[in-house]
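J.: Quick one, structure for this:
(2 chains)
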Amino acid sequence: DIVMTQTPLSLSVTPGQPASISCKSSQSVVHSDGKTYFYWYLQKAGQSPQLLIYEVSSRFSGVPDRFSGSGSGTDFTLKISRVESEDVGIYYCMQGTVLPHTFGQGTKLEIK
Amino acid sequence: QVQLQQSGPGLVKPSQTLSLTCAISGDSVSSSTAVWDWVRQSPSRGLEWLGRAYYRTKWYYDFALSVKGRISINPDTSKSQVSLQLNSVTPEDTAIYYCSRSKYTGSWYYLDYWGQGTLVTVSS
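T.: Model prediction:
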């Protein structure tokens, strides 16, 4: 299985400041069709995960433009340009290129 | 708007079968652009993808090796639902179980809609 490793595991950010989360995969997640099936999710307290970013860098419907995804191959990053209180929760990366789909261990974002 | 509503028991005895149902609205179970996944979450394993079912002129299934041989996913187009069965459960199967949809629209929206989750405890 592809192992997804997120750093940091937690971060505390002042509202209005940027935040960045890294996710590294144990092998390339570029599919044979040339696409990269890499995703970011946010799980708020007591809720199911929600899709934020699909295919590395595209924002899902309704996701604010302060969220952006980037990366390639094995190294990916989620950036929040200006953190807001509603961004609190646990962020997960996931690769959908190879079965089984695998998730990172999560990064907990708190507000200072 | 797609909605996934889960139902099923929250307590299962060891060695018995875990059964959950996911009622789907806003999309067709047999859509040629949808995939129906089951994912579970526990403190020890984190988020773990279990398997999926999808229809492309016939039904296809994929399962995680960690549960292969014990898992089945059963779509029911007449009831617009997908069910999960996990046999011979042990306390390690205690987790929150989620159904989820993945959708192809020119891009793949993996796990774009989720059920509310069902906490299943395996205990005698």
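J.: so which helix or strand takes in residue B:103?
T.: Using DSSP states H and E, the secondary-structure element containing residue B:103 is strand B:95-104.
J.: List the strands paired with whatever helix or strand comes next after that strand, with their directions.
T.: Per DSSP H and E, strand B:95-104 leads on to strand B:108-114 as the next helix or strand towards the C-terminus. Using DSSP bridges, the neighbouring strands of strand B:108-114 in the sheet come out as strand B:95-104 (antiparallel).
J.: Give me the residues contacting the partner strand.
T.: Taking Cβ atoms under 8 Å, 6 or more residues apart in numbering or on different chains as the criterion, the residues outside strand B:95-104 that touch it are A:48-49, A:96, B:2, B:4, B:6, B:18, B:20, B:22, B:24, B:27, B:33-42, B:45, B:48, B:52, B:82, B:84, B:108-115, B:117-120. C-beta here means a position set from N, CA and C on the backbone, and glycine is covered the same way.
J.: Mind checking which of those residues are in strands?
T.: When the contacts of strand B:95-104 are checked against strands (DSSP state E), the matches are B:4, B:6, B:18, B:20, B:22, B:24, B:34-42, B:48, B:52, B:82, B:84, B:108-114, B:118-120.
J.: how about the residues of chain A near chain B?
T.: Counting by Cβ under 8 Å from any Cβ of the partner chain, the positions of chain A adjacent to chain B are A:35, A:37, A:39, A:41, A:48-51, A:54-55, A:58, A:60, A:92, A:94, A:96, A:99-103, A:105-106.
J.: Can you get me a residue count around residue A:93?
T.: Residues contacting residue A:93 under the criterion other Cβ atoms under 10 Å in any protein chain shown number 29.
J.: Setting the sequence-adjacent residues aside, check what's closest to it.
T.: Taking Cβ to Cβ, 6 or more residues apart in numbering or on different chains, and ignoring the residues beside it in sequence, residue A:93 has residue A:23 as its nearest neighbour in space, at 3.6 Å.
J.: Equivalent analysis for residue B:53, please.
T.: Computed as Cβ to Cβ, 6+ apart, the closest residue to residue B:53 that is not its neighbour in sequence is residue B:73, at 4.4 Å.
J.: Check residue B:2 too.
T.: Of all residues beyond its chain neighbours, the one nearest residue B:2 is residue B:26 (3.8 Å), with distances taken as Cβ to Cβ, 6+ apart.
J.: what's the answer for residue B:111, then?
T.: Excluding the flanking residues, the one nearest residue B:111 by Cβ to Cβ, 6+ apart is residue B:100, at 4.5 Å.
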